[in-house]
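J.: Test case, fold it:
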Amino acid sequence: MSFSRSTTNNDNLIKVSWLCAIYKKTKFKEFKLAINSIICQKGNYNQEIIIVQDGNLNREFKNLRSFLKTKNKLIPINYLKLNNNKGLGIALSEGCKRCKGDFIARFDTDDINCEDRLIKQIPILEKNLSIAVVGSWVGEFHSSNDLFLELMLKKAPPMHLIKRRMNLFNPINHPSAVIRKEAISKSGYTDMPSYEDYYLWLKLRKNGWGFENIQEITVFMQVDNFFEKRWGLKYAVNELNFLIKITKENLINKFLIPIFLLRIFSRILISRKFQKFLRSFKNKTIHK
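T.: Sure thing, here's the model as predicted:
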């Protein structure tokens with residue numbers, strides 16, 4: 001058994017696999033904070049961390065091996081390297097194959113997980129076997145030169161609204177998702193740039209699975225570069241390819257296509273600064 005926990009070695013405990021992907025733009029300092037936030041988790045679970053290296057890394061990771069060796073004494077770490085950059089969807093798909101846990105806890109390498117994340121999300125999956133994914137609100141923070149600037153609350157719809165809201169937008173904050181491995185054994189991550197998670201949720205919905213969002217923060221997510229990633233021609237093309245795919249597979253009703261097309265055009269026509277203003281206005285600022 002590759003699982004262990006510093007407080008116990010009971011094989012009867014629930015097994016959780018933490019999954020992430022790192023690539024050339026990953027920052028080593030942020031990566032270390034993310035790993036440390038996992039090691040500090042409350043609750044007795046048998047845990048492991050699956051790290052997928054998606055292509056080459058930057059020079060900051062020269063001490064990666066020694067860092068992982070130290071952390072491996074506290075929690076088993078399974079490291080998988082892809083020689084060429086394949087994209088997040090493929091990287092996560094390969095990582096899922098290595099996950100031995102009953103549940104897969106997604107995390108991004110520039111985010112910080114609250115220490116009570118698992119003890120809030122796992123019990124929901126234990127009690128309701130029809131639920132495939134449990135997400136939560138996230139705290140979006142901005143920083144500059146290591147200084148904290150602002151924290152905003154990004155909410156997520158509760159259970160009774162998720163499937164309906166999924167027709168129009170992604171209702172699950174991906175870095176907060178804990179996923180039942182059984183649910184994605186056949187409908188897992190695929191190559192769908194910028195929409196790997198949204199595509200997965202739609203497939204799970206079609207297969208009859210349910211979803212839940214905890215109405216509180218379990219992850220603090222850094223969004224300094226968010227707006228540059230989410231707007232522009234490249235992102236619009238990604239969304240158009242996504243729309244074509246989900247339409248062909250009947251994952252959404254065809255009468256929703258005009259709404260998606262309108263949003264795709266907005267990626268190009270509306271300035272990033274104005275989009276940033278709209279997002280800041282929509283989300284609730286909880287600290288400055």
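J.: Could I get the contacting residues of Ile35?
T.: By C-beta atoms under 8 Å, 6 or more residues apart in numbering, Ile35 lies in contact with 49, 67, 71. C-beta coordinates here come from the backbone N, C-alpha and C atoms, glycine included.
J.: Which members of the residues you listed are classed as buried?
T.: For these, a burial check counting by 16 or more other C-beta atoms under 10 Å picks out 49, 71.
J.: and of the contacts of Ile35, the nearest to Val237?
T.: Val237 has its nearest neighbour among the contacts of Ile35 in Ile49, at 33.3 Å by C-beta to C-beta.
J.: tell me the secondary structure for the closest one?
T.: Assigned by DSSP: H, G, I helix; E, B strand; the rest coil, the conformation of Ile49 is strand.
J.: In the stretch 151-288 of the chain, where is pLDDT below threshold?
T.: Applying pLDDT under 70 to the stretch 151-288 of the chain flags the ranges 224-230, 270-288.
J.: where along it do the helices fall?
T.: With DSSP state H, counting those that start in this stretch, the ranges of helices along the stretch 151-288 of the chain come out as 159-165, 196-206, 226-230, 233-248, 257-269, 272-282.
J.: Serialize the contacts of Ile35 to CSV and add fields for pLDDT and distance to Thr218.
T.: Output for those, formatted as CSV (pLDDT from 0 to 100; distance: C-beta to C-beta, whole Å):
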residue, pLDDT, distance to Thr218
Ile49, 98, 17
Phe67, 96, 25
Lys71, 96, 21
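J.: out of the contacts of Ile35, who's nearest Cys114?
T.: Ile49 (16.8 Å).
J.: for that closest one, what are its contacts?
T.: Applying C-beta under 8 Å, 6+ apart, the residues contacting Ile49 are 17-18, 20, 35, 38, 71, 75-78.
J.: Check Gly208 too.
T.: For Gly208, the contact set (C-beta under 8 Å, 6+ apart) comprises Ser130.
J.: how near is it to Ser130?
T.: Distance, Gly208 to Ser130, using C-beta to C-beta, to the nearest Å: 8 Å.
J.: Poorly predicted segments of the stretch 1-150 of the chain, please.
T.: Along the stretch 1-150 of the chain, segments meeting pLDDT under 70 span 1-10, 143-150.
J.: Run through the helices of it in chain order.
T.: Per DSSP H, counting those that start in this stretch, the stretch 1-150 of the chain carries helices over the ranges 28-39, 64-71, 88-98, 117-127.
J.: Can you dump the C-alpha atoms of the shortest one in PDB for me?
T.: Just to be clear, that refers to helix 64-71. Extracted C-alpha coordinates of helix 64-71, given in PDB (Å, rounded to 0.1, in the frame of the first residue of the first chain):
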ATOM      1  CA  LEU A  64      12.600  19.800  -6.800                       C
ATOM      2  CA  ARG A  65      14.000  16.300  -6.100                       C
ATOM      3  CA  SER A  66      15.400  17.200  -2.700                       C
ATOM      4  CA  PHE A  67      12.100  19.000  -1.800                       C
ATOM      5  CA  LEU A  68      10.000  16.000  -2.700                       C
ATOM      6  CA  LYS A  69      12.300  13.600  -0.900                       C
ATOM      7  CA  THR A  70      11.700  15.600   2.300                       C
ATOM      8  CA  LYS A  71       8.000  15.800   1.900                       C
END
